[in-house]
Structure formats: C-alpha cells, structure tokens
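Q: Below: sequence and its predicted model.
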Amino acid sequence: MAWPTLITERLVLRPLSFGNLDDLAALHAQESFWWYPFGRGWSRSETKAFLERTIEDYRDPGISVSAVVVAETGELAGWAGLSIPTFLPEILPAVEVGWRLGELHRGHGFATEAGVAWLRHGFEELGLESIVSIYEPENLASGAVMRRLGFMLERETTHPTLRVRIHVLSLTRARWGPT
C-alpha cells in the first residue's frame, strides 16, 4: 500500500519530503506553531529531525502526518494526519488524529477539513474502530475543531513528561459521520 494523498475541496494532504524542509522550518519557527505543548518555536535542526522521523513513518502506510497544502496556491500550510500517541501509554493502543497550521492559515477551516479527511481515511480505509485527539484545554481553537468533528471527552490527564494538563477526546466509527 502506497502512502496516501488525500484531496479535499481546498487542500492536498500529501507526504512531506526533504524538499519541504525550508517551508516547514519557517512554520515550525513560529512560536505559536508549537506553543502547545512547548511554548516556543523549533530550530531548523529540530524540524529536520521531525521531518526525518516523519518520512521514516511512511514505511507504515496510513499512520503518520502529511503536508497540508493549499490547493489554490501550493503553499505549505502545516501538517495533519494520524499517529500513535506513544507519549501517553495510559491510552494505548490508540490512533490519534492531529493537525498544526502556520499562523496565516488558521481560522479558515483548514484544520477541520484536514481532520475530516483523515478521519474518513482512518475509519473507511484503515478500518479503525476509534480515533482519539489530544489537546491542552487552554488551546481553545483545537478543542473547538475536535468538537466540530464530533469528538467527546474521554479523560483528563497530565502529559507524563511535560507535566501539563491534557484532554483526551475520542470518536468511534459508529458515532462518526462525514461532515
């Protein structure tokens, strides 16, 4: 199975490549991109390591993040996709849907649009029964996207290494319906 490229009304969700390093480094450098949970932007070397890990994850089709590209302009807006939340062993086994967008691409519905595409892929193509999404409660925008997608609070807990409060929301295939 090849790594999927998902097409939505306004987005192309395709694998990240080393050719994305400059654009991705600019996004990751934005303090707000990584405010939750790190409270700072990332360096180019941190971004390169992230990109290397992500590309390595493509060996297991369907469970990793992809570029979020604005179809009309070709701009890299951020990334979104499915991952295994290994940082939170108390909820494993689980698959998480998540997204991160640069400052200029927030507030346009791109996170919701990408989330719908990845939920559809997870439930319909991968046959998952449940998907989680995790956020810090202070991150009101991400929480709002999760509620729009139909997620419901499963538990409140603490990030085991960063020691910040997080909410784990879940959505079952039975409850999900494309929006």
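A: In hand now; what should we look at?

Q: what about the strands in this structure?
A: For the chain, the strands defined by DSSP state E occupy 6-7, 11-14, 65-70, 76-83, 96-101, 130-135, 152-158, 165-172.

Q: Now do the buried residues in the helix or strand of the chain with the lowest mean pLDDT.
A: In the chain, no helix or strand scores lower on mean pLDDT, DSSP states H and E than helix 35-38, which sits at a mean of 89. For helix 35-38, the neighbour count (16 or more other C-beta atoms under 10 Å) marks 36-37 as buried. The way it works is simple: take the backbone N, C-alpha and C, and place the C-beta from them, glycine included.

Q: Show me the shaky parts of this structure.
A: Along the chain, segments meeting pLDDT under 70 span 1-2, 61-62, 178-179.

Q: and the longest helix along it, how far from the chain's centre?
A: Ranked by residue count, the top helix of the chain under DSSP state H comes out as helix 44-57. Helix 44-57 sits 15 Å away from the centroid of its parent chain (C-alpha atoms, centre = their mean, to the nearest Å).

Q: Also stretch 118-127?
A: 14 Å.

Q: That one spans what distance, first to last residue?
A: 12 Å (C-alpha to C-alpha, to the nearest Å).
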